[in-house]
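In: Here's my sequence, what's the structure:
(one chain, ligands or ions: 2)
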Amino acid sequence: MAHFKRRKIAVIGAGFTGTTTALMIAQKELGDVVLVDIPSMEKPARGKALDMLEAGPVQRFDAVITGTSDYKDIEDADMVIITAGIPRKPGMSRDELVETNAGIMKDVSAQVKKYAPESYILILSNPVDAMTYTCFKETGFPKNRVIGQSGILDTARFNTFVAQELGVSVEDVTGFVLGGHGDSMVPLVRYSNAGGIPLDKLIDEERMEAIVERTRKGGGEIVGLLGEGSAYYAPAASLVQMVEAIIKDKKRILPSIAYLEGEYGYKDIYLGVPTILGGNGIESVIELPLRKEEKDALDKSAAAVEKVITSLKKQL
Ligand SMILES: NC(=O)c1ccc[n+]([C@@H]2O[C@H](COP(=O)([O-])OP(=O)(O)OC[C@H]3O[C@@H](n4cnc5c(N)ncnc54)[C@H](O)[C@@H]3O)[C@@H](O)[C@H]2O)c1
Ligand SMILES: O=C(O)C[C@H](O)C(=O)O
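Out: Ligands and ions are numbered 1, 2, ... in the order given. All right, here's what the predicted structure looks like:
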């Protein structure tokens with residue numbers, strides 16, 4: 001007889017993005033959440049988990065949220081979200097985090113491999129394209145189960161700025177961003193629209209270029225305003241959209257950081273591309289025809305990611 005159980009979702013890193021993600025998962029009743037941090041942060045992790053749990057009766061959600069530093073507690077998790085790692089400071093690039101965060105990612109990946117070998121992994125830690133590659137190599141999991149998050153966030157920023165520019169609902173704006181999660185990411189205006197109308201019919205070239213540029217530097221804009229740490233509300237919302245697409249087998253067309261084996265002309269690299277996300281994780285990569293200038297921009301972004309991955313390859 002069938003016995004239905006709630007999903008178990010582990011969130012590694014109980015900092016700003018991890019805790020915000022945990023709360024959004026609980027609010028949407030996508031599963032029970034285990035928040036994991038290092039031993040010296042175990043008590044705050046437990047405290048944050050308990051505080052969130054106590055929001056349940058008010059907001060009327062049923063989800064058990066626990067905090068721990070013991071990886072045994074993630075045993076048999078269905079999904080693992082990795083946010084562990086340091087954020088950048090104003091003036092830094094995400095790539096400057098690579099050394100510290102690659103070490104953390106290797107440790108975390110080994111624990112996930114040991115305790116949750118069947119899980120689907122979503123990676124947020126920066127530089128996220130290279131960190132997703134690191135996790136893929138360290139776990140040895142199939143590529144459909146190791147997925148990075150950047151494109152939903154980058155597209156959300158683009159959509160926000162377009163909606164502001166036009167004075168229309170964000171619900172009607174559908175942007176499209178390809179490439180690595182760095183300043184050379186590729187917002188593709190030609191594949192973006194508002195209410196089905198191509199953006200070049202609604203926004204002049206100069207204003208559009210300003211929106212593209214602001215999108216590329218969107219993470220840095222928030223880092224500069226916060227002074228300490230980086231964005232977490234929109235990143236958490238982006239992760240949760242991916243969790244929901246997979247857990248509910250929605251087969252959504254969403255951008256993911258995916259392992260490429262020839263798609264778009266790239267091999268052995270993780271890069272942001274449009275994908276179908278469903279019950280089997282990344283079910284396929286959607287390849288689109290690109291004009292020369294679009295492909296040139298994507299090549300530049302891929303080369304920036306490749307450089308970071310190459311610097312890591314000897315350690316993997
Ligand atoms: N890909 C994206 O779109 C995106 C968006 C936002 C943030 N980020 C990145 O996500 C990471 C986390 O950001 P944040 O704002 O949550 O930072 P944060 O400092 O608030 O939290 C990070 C947490 O990770 C924990 N940690 C460190 N090593 C660990 C380990 N081995 N095991 C478990 N936990 C460990 C820390 O103790 C800390 O609590 C950063 O690298 C940031 O750049 C990426
Ligand atoms: O900008 C950062 O360092 C964090 C994150 O990648 C973001 O885009 O908000």
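
In: going forward, measure contacts and count neighbours with C-alpha atoms only.
Out: Noted.

In: Mind telling me what element the residue in the stretch 151-300 of the chain that ligand 2 sits nearest to is part of?
Out: Closest to ligand 2 within the stretch 151-300 of the chain is residue 219: 3.3 Å, counting by C-alpha to the nearest ligand atom. Secondary structure from DSSP states H and E places residue 219 in helix 218-226.

In: Other residues contacting the next helix or strand after that helix?
Out: Counting by DSSP H and E, the next helix or strand C-terminal to helix 218-226 is helix 233-247. By C-alpha atoms under 8 Å, 6 or more residues apart in numbering, the residues outside helix 233-247 that reach it are 17-18, 20-21, 24-25, 30, 122, 124, 149, 152-153, 156, 250-252, 277-281.

In: Tell me which residues touch the nearest residue to the residue of the stretch 151-300 of the chain closest to ligand 2 once chain neighbours are set aside, please.
Out: Among residues not flanking residue 219 along the chain, residue 231 sits closest, at 6.8 Å (C-alpha to C-alpha, 6 or more residues apart in numbering). Taking C-alpha under 8 Å, 6+ apart as the criterion, residue 231 is in contact with 17, 219, 222-223.

In: TSV for those residues, including neighbour count, distance to ligand 1 and pLDDT?
Out: Shown next, in TSV, are the contacts of residue 231 (neighbours: other C-alpha atoms under 10 Å; distance: C-alpha to the nearest ligand atom, whole Å; pLDDT from 0 to 100):
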residue	neighbour count	distance to ligand 1	pLDDT
17	25	4	98
219	22	8	98
222	16	10	98
223	19	10	98
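
In: Which stretches in the stretch 1-150 of the chain count as strands?
Out: 8-12, 32-36, 65-68, 79-82, 120-123, 146-148 (DSSP state E, counting those that start in this stretch).

In: which of these sits most buried?
Out: strand 146-148 (a mean of 29; mean count of other C-alpha atoms under 10 Å).

In: so how many other residues sit close to residue 204?
Out: Close neighbours of residue 204, defined as other C-alpha atoms under 10 Å, add up to 10.

In: Likewise for the one 5 residues further on?
Out: Burial measure for residue 209: 14 neighbouring residues, criterion other C-alpha under 10 Å.

In: can you pull the buried residues of the helix or strand where it lies?
Out: Here residue 209, judged by DSSP H and E, is contained in helix 205-216. Burial within helix 205-216, assessed by neighbour count using 16 or more other C-alpha atoms under 10 Å, is assigned to 208, 211-216.

In: what's the answer for stretch 25-42, then?
Out: 25-27, 29-38, 41-42.

In: what does this protein put close to ligand 1?
Out: 12-18, 36-38, 83-88, 104, 108, 124-126, 128, 149-150, 229-232, 235 (C-alpha under 6 Å from any ligand atom).

In: Just give me the neighbour total for the residue lying closest to residue 264 once chain neighbours are set aside.
Out: In space, and not counting its chain neighbours, residue 264 is closest to residue 287: 6.6 Å by C-alpha to C-alpha, 6+ apart. For residue 287, the neighbour count with other C-alpha under 10 Å is 11.

In: who's in contact with residue 287?
Out: Contacts here follow C-alpha under 8 Å, 6+ apart; on that basis residue 287 touches 263-264, 274.

In: Could I have the ChimeraX command that selects the buried members from the residues you listed?
Out: Of the contacts of residue 287, the buried ones go into a single ChimeraX selection, burial set by 16+ other C-alpha under 10 Å:
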select :264,274
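
In: Just the ones of the contacts of residue 287 in strands?
Out: residue 274 (DSSP state E).

In: didn't the residue of the stretch 151-300 of the chain closest to ligand 2 look like it was pressed against residue 230?
Out: Yes: counting by C-alpha atoms under 8 Å, residue 219 touches residue 230, with 7.3 Å between them.
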